[in-house]
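Engineer: here you go, sequence then predicted model.
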4 protein chains.
Amino acid sequence: MCRWLAYSGSPLLLDTILYKPAHSLIDQSLHSRMGVETTNGDGFGVGWYTDHADTPAVLRDVGPAWNNRNLREIADHVESPLFFAHIRASTGTAVQQTNCHPFRHGRWLWMHNGAIADFHLIRRELCLLVDPALFFDIEGTTDSEVMFYLAITFGLDQDPPGAVARMAGVVEHAGRERGVEFPLQMTVAVSDGESVWAFRYSSQGKSRSLFYSSRVDSLRKLHPDMAFLQGVSDETRLVVSEPLGDLPGAWNEVPESSYGVVRPGADALLPFTPQAA
Amino acid sequence: MCRWLAYSGSPLLLDTILYKPAHSLIDQSLHSRMGVETTNGDGFGVGWYTDHADTPAVLRDVGPAWNNRNLREIADHVESPLFFAHIRASTGTAVQQTNCHPFRHGRWLWMHNGAIADFHLIRRELCLLVDPALFFDIEGTTDSEVMFYLAITFGLDQDPPGAVARMAGVVEHAGRERGVEFPLQMTVAVSDGESVWAFRYSSQGKSRSLFYSSRVDSLRKLHPDMAFLQGVSDETRLVVSEPLGDLPGAWNEVPESSYGVVRPGADALLPFTPQAA
Amino acid sequence: MCRWLAYSGSPLLLDTILYKPAHSLIDQSLHSRMGVETTNGDGFGVGWYTDHADTPAVLRDVGPAWNNRNLREIADHVESPLFFAHIRASTGTAVQQTNCHPFRHGRWLWMHNGAIADFHLIRRELCLLVDPALFFDIEGTTDSEVMFYLAITFGLDQDPPGAVARMAGVVEHAGRERGVEFPLQMTVAVSDGESVWAFRYSSQGKSRSLFYSSRVDSLRKLHPDMAFLQGVSDETRLVVSEPLGDLPGAWNEVPESSYGVVRPGADALLPFTPQAA
Amino acid sequence: MCRWLAYSGSPLLLDTILYKPAHSLIDQSLHSRMGVETTNGDGFGVGWYTDHADTPAVLRDVGPAWNNRNLREIADHVESPLFFAHIRASTGTAVQQTNCHPFRHGRWLWMHNGAIADFHLIRRELCLLVDPALFFDIEGTTDSEVMFYLAITFGLDQDPPGAVARMAGVVEHAGRERGVEFPLQMTVAVSDGESVWAFRYSSQGKSRSLFYSSRVDSLRKLHPDMAFLQGVSDETRLVVSEPLGDLPGAWNEVPESSYGVVRPGADALLPFTPQAA
């Protein structure tokens, strides 16, 4: 399993979010509190959107995040209004760059915590459901990447929540055909550079932890002295596998079987149900 | 493209073959003379059989062979009667451990130089021809590994030359269906720990270079003063992408469309033709 | 800080000791119980003596031990009568191969858990005390490697316990001159391929954990059904940062300020006191 | 030996300079024409100045530049008005991140092509001449990094050309005392984020190649149709180990024993002579 965070809001040095908080993602790479494993040291990745290019940048490496100097450099020198970060605890697949999150396709970034149960039983079947024109683009061996390509196949570009629902439906169907009781466990974030969609779902109804930060204008009233809150826009928002600290009022659990949209204007929190593809 | 060597004979420190020769495989990693590229720096691997285990050991890494200290250590301290070594020049697929040769399945080692032309067009189709029970074992994204799993699917265990012929037949068929004129280019070595089979074939009839060493007893007569030849058995044999030096009489080209078998007792050199699967 | 083990006895596949025990060193890389850190994921190394060469082999890498495939391969295929293994938790120095233990010089292997307090204050001074002929051989930046070269400078070849005592004396002297109250914290193993010396010492008298295994003949009487104990010689011995399991009677703490010698014939456990160089 | 480039001028995506030119630095990593080695595959680094931080960012890794995906990502997504890039061919010292250029100290970046002859003879002596307060900051084992710390010791902050001259003087003196006829061979670039100083010098008077680009306003007259030249300021300048292409009039050799300054306002080209420290 893994831990991740998605940031959207006022442009910030990545360091502000990745390293500075008391229980930052880097701290979680060694001392996760809510993850299946304490240690998330099987690779990491960070993806960020920038004005300089049409596609987001992705920096990924196979060692632990906590001792990676290039990640430290990027965090100290790159500013972005929308970025993803992910730390990996492999459930068996190879520790290699192409298995590190976030995955990218065109303008899209995708990252995942969870697993397809008994993936070895249905990997082939799921790969066959991927649009043949995309098959060659699958570079790694994770369930997470196959989920991404299924979502693209099922219309991510036109209808992100629908595409993810159809992906989940297909995974559950394939697993159940093989006798897997609870085929899917996922918290997923996906972005096109403007909106972020974050999903929390598991076949069993016992999903991995997922939280979103409160609106900044509300937090400012609670914590008028916090300098950080003065410097960012009302719409600045974080979605995280586990809270980055214990600021009262700051963190809200994403309910089971639901998804949120973070975007310019009003955000939304909605129910999520897998669908037939 | 790549360079490789296969050794079979008296147990030797790997160093004797990997580093000591004037134009050793390590030298070829920087200064290949007959390869498509001068530099073969996109990963390497060595596989060796030992009495201590049922399966061969495989050490692979993503950096260049020429500066890898762990390879140097293994070469200086490990002795084996049968080993493979491979240096990689990627034709585009990711530089990662799971794309490095040799590949292993049970007792089998496999390595390849060459390419399936327009692999992106037929990767999916070829993957579907792999025994579904083996599909999950494909860890990388190279054509070489898919070729290996096709050969296993087509009976490598029972009939290695036949299985490789059927793999080649299937690849050529798939390519030609997509309009690829010359779908396959390969020099392949495969071993079960007792015999080594080495294949040289290309659809175009212009295959990558491949050589085998002369019988040691013949070489001893030509070069009675060479200490190395005194220390190894008559049956000691090398198959290499390019000669490791310029000893007169030592190296013989494997003919186009043929394969050799190196094994205890008489070796053999035979014609090779792709077959329908 | 770090964790390590030293094995001496009947030739064994490294796997038997490195991976098989319930609380093996690989398990300790994720879940150390007695270390300063739970996670020891900043590189690892294994060194082994073999008949094939005058010097021990050393395999080291910068990622975590728990997911390293090459370590797994070596453990599954290499047998040795005397080997060291080490997992690293950096206290700040770079995560690079040249900072991974064990260190080697000629036939000698050296590994360390602990630290020279305020090493930045006295690194230069300690480096100057190293034999100038050896200065260029220092490849990394750890306190551990400087300790090794000091011990070599002070006669490791002739008198290992004396050389280590003089190294410790010099480190304590240098630290105290700079006002450091407790300059040295160490558990060290060193071997010439025949004997293993293991030291437990700290200026404060609160040293990191260190254990040695009981004599195999005694353990066999306690546990007559344990197959493993039937297969190894009476003299087989382990020295470890923390016990590899909870077999009653198997593990004994090395006392504070003492060192042990493991060698053919009777082993010994003796007091250790730093000396002036 | 190595190859490098320094860019100063209109803010550009790194890609424009690192990958796009016909004989880009990435191409030189495989096919250097003027270097001592054809292949420069023992690590790489890129350092860039940005408005987001007081210090430049440095991304370094130990594999070859030509296949590194993170370098590709940074080049495609990061824009900078002043950056360094370096590809390494080790002359023996370890291939590790701390031996990759550029080196950084505060706002300063430093990179080097060349070598101190017989560095093993004088490494210790040179290290002792480094300001003791800086000794601990030396993280790697290259001559290049020691040269940087000597230059800092000798006043890089106040007088860059003088500091480099004193560094060179000290190296030559130390080498000659040991009987080394030609102790120093260097092309060096150093920057504080505003100016770039580039030095070409060797004790023998046969220095490694170094070129600077012509003024952009002159080039525009020669090549009025080149879109690239329309998009950058008159003061945009490159200093490179070897020309990035064969545009007539674009490249000028830096004379032996001289250095250039690239800065806002008029650049300068001046003689360089080592001095006593």
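Structural biologist: That came through, no problem.
Engineer: only C-alpha atoms from now on, for both contacts and neighbour counts.
Structural biologist: Fine.
Engineer: name the residue of the stretch 151-277 of chain A that lies nearest to chain C.
Structural biologist: Nearest residue of the stretch 151-277 of chain A to chain C: residue A:242, at 19.9 Å (C-alpha to the nearest C-alpha).
Engineer: let me know the pLDDT of that residue.
Structural biologist: We have a pLDDT of 95 for residue A:242.
Engineer: next one: phi and psi at it?
Structural biologist: Main-chain dihedrals, residue A:242, degrees, to the nearest 10: phi -150, psi 150.
Engineer: and for residue A:202?
Structural biologist: The phi/psi pair for residue A:202 (degrees, to the nearest 10) is phi -150, psi 150.
Engineer: what about the residue of the stretch 151-277 of chain A closest to chain C, neighbour count?
Structural biologist: Using other C-alpha atoms under 10 Å in any protein chain shown, the number of residues around residue A:242 comes to 24.
Engineer: which positions in the one helix or strand in chain A whose mean pLDDT sits lowest come out as buried?
Structural biologist: Between all helices and strands in chain A, the lowest mean by mean pLDDT, DSSP states H and E belongs to helix A:227-230, at a mean of 90. Going by neighbour count (16 or more other C-alpha atoms under 10 Å in any protein chain shown), the buried part of helix A:227-230 is residue A:229.
Engineer: counting by contacts, list what that helix packs against.
Structural biologist: Packed against helix A:227-230 by the contact rule (3 or more C-alpha pairs under 8 Å, 6 or more residues apart in numbering or on different chains; DSSP states H and E) you find helix A:216-222.
Engineer: wait, residue A:239 touches residue A:211, no?
Structural biologist: Yes - between residue A:239 and residue A:211 there is a contact under C-alpha atoms under 8 Å: 5.7 Å.
Engineer: ok, the two, which is more surrounded?
Structural biologist: Neighbour totals were compared for residue A:239 and residue A:211, and residue A:239 leads with 27 against 21 (other C-alpha under 10 Å).
Engineer: quick one: the more buried one and chain D, what's the gap?
Structural biologist: The gap separating residue A:239 from chain D is 24 Å, by C-alpha to the nearest C-alpha, to the nearest Å.
Engineer: residue A:111 now?
Structural biologist: Distance from residue A:111 to chain D, counting by C-alpha to the nearest C-alpha: 18 Å.
Engineer: what sits opposite that residue in the beta ladder?
Structural biologist: Beta-bridge pairing of residue A:111, defined through DSSP bridges, involves residue A:189.
Engineer: OK, contacts around it?
Structural biologist: Applying C-alpha atoms under 8 Å, 6 or more residues apart in numbering or on different chains, we find residue A:111 in contact with A:4, A:84, A:86, A:101, A:102, A:103, A:144, A:188, A:189, A:190.
Engineer: distance of it from residue A:151?
Structural biologist: Between residue A:111 and residue A:151 the computed distance is 12 Å (C-alpha to C-alpha, to the nearest Å).
Engineer: tell me the contacts of residue A:195?
Structural biologist: Contacts for residue A:195 (C-alpha under 8 Å, 6+ apart) come out as A:261, A:262, A:263, A:264.
Engineer: now the residue nearest to residue A:237 when sequence neighbours are not counted, what are its backbone angles?
Structural biologist: Spatial nearest neighbour of residue A:237, chain neighbours left out: residue A:8 (5.4 Å); criterion: C-alpha to C-alpha, 6 or more residues apart in numbering or on different chains. Backbone torsions of residue A:8, given as degrees, to the nearest 10, read phi -140, psi 130.
Engineer: cool, and residue A:37?
Structural biologist: Per-residue torsions, residue A:37: phi -120, psi 150 (degrees, to the nearest 10).
Engineer: that one touches residue A:87, doesn't it?
Structural biologist: No - with contact defined as C-alpha under 8 Å, residue A:37 does not reach residue A:87; the gap is 11.5 Å.
Engineer: show me which of the two is the more surrounded one.
Structural biologist: For residue A:37 versus residue A:87, neighbours defined as other C-alpha under 10 Å are more numerous around residue A:87 (32 against 18).
Engineer: residues making contact with the longest helix along chain A?
Structural biologist: If each helix of chain A is counted by residues according to DSSP state H, the longest one is helix A:160-177. Contacting residues not belonging to helix A:160-177 are listed as A:116-118, A:121-122, A:125-126, A:147, A:150-156, A:181-184, A:197, A:203, A:272-277 [C-alpha under 8 Å, 6+ apart].
Engineer: pLDDT on it, on average?
Structural biologist: Helix A:160-177 shows a mean pLDDT of 98.
Engineer: show me which residues of that helix are buried.
Structural biologist: By neighbour count on 16+ other C-alpha under 10 Å, the buried set for helix A:160-177 is A:160-175.
Engineer: so of the contacts of residue A:195, which ones are in strands?
Structural biologist: A:261, A:262 (DSSP state E).
Engineer: please tell me which one of the contacts of residue A:195 counts the most neighbours.
Structural biologist: Going by other C-alpha under 10 Å, residue A:262 tops these with 25 neighbours.
Engineer: from memory that one sits against residue A:8, does it?
Structural biologist: Yes - between residue A:262 and residue A:8 there is a contact under C-alpha under 8 Å: 7.5 Å.
Engineer: overlap in contacts, these two.
Structural biologist: Between them, residue A:262 and residue A:8 share these contacting residues under C-alpha under 8 Å, 6+ apart: A:196, A:237.
Engineer: separation between residue A:216 and residue A:69?
Structural biologist: 31 Å.
Engineer: returning to that earlier point: residues near the residue nearest to residue A:237, how many?
Structural biologist: Neighbours of residue A:8 under the rule other C-alpha under 10 Å: 23.
Engineer: what sits against it?
Structural biologist: The neighbourhood of residue A:8, defined by C-alpha under 8 Å, 6+ apart, consists of A:81, A:82, A:83, A:196, A:236, A:237, A:238, A:262, A:263.
Engineer: equivalent analysis for residue A:151, please.
Structural biologist: So residue A:151 contacts A:160, A:163, A:164, A:166, A:167 (C-alpha under 8 Å, 6+ apart).
Engineer: ditto for residue A:142
Structural biologist: Residue A:142 touches A:93, A:99, counting by C-alpha under 8 Å, 6+ apart.
Engineer: for it, give me the pLDDT.
Structural biologist: 96.
Engineer: likewise the one 4 residues further on?
Structural biologist: Listed pLDDT for residue A:146 reads 98.
Engineer: check for me that it belongs to a helix.
Structural biologist: Yes - membership of residue A:146 in a helix is supported by DSSP: H, G, I helix; E, B strand; the rest coil.
Engineer: in chain A, which spans are helices?
Structural biologist: A:14-18, A:25-31, A:69-77, A:119-129, A:132-135, A:143-153, A:160-177, A:216-222, A:227-230.
Engineer: what's the first one packed up against?
Structural biologist: Applying 3+ C-alpha pairs under 8 Å, 6+ apart, we find helix A:14-18 packed against helix A:69-77, strand A:79-88.
Engineer: go again with 6 Å.
Structural biologist: Packing contacts for helix A:14-18, counted by 3 or more C-alpha pairs under 6 Å, 6 or more residues apart in numbering or on different chains; DSSP states H and E, involve helix A:69-77.
Engineer: residues from the stretch 1-150 of chain A in reach of chain D?
Structural biologist: Residues of the stretch 1-150 of chain A lying near chain D by C-alpha under 6 Å from any C-alpha of the partner chain: A:52, A:53, A:57, A:59, A:70, A:73, A:77.
Engineer: which of the residues you listed lies closest to chain C?
Structural biologist: Comparing the residues of the stretch 1-150 of chain A next to chain D against chain C with C-alpha to the nearest C-alpha picks out residue A:70 as the nearest, at 12.3 Å.
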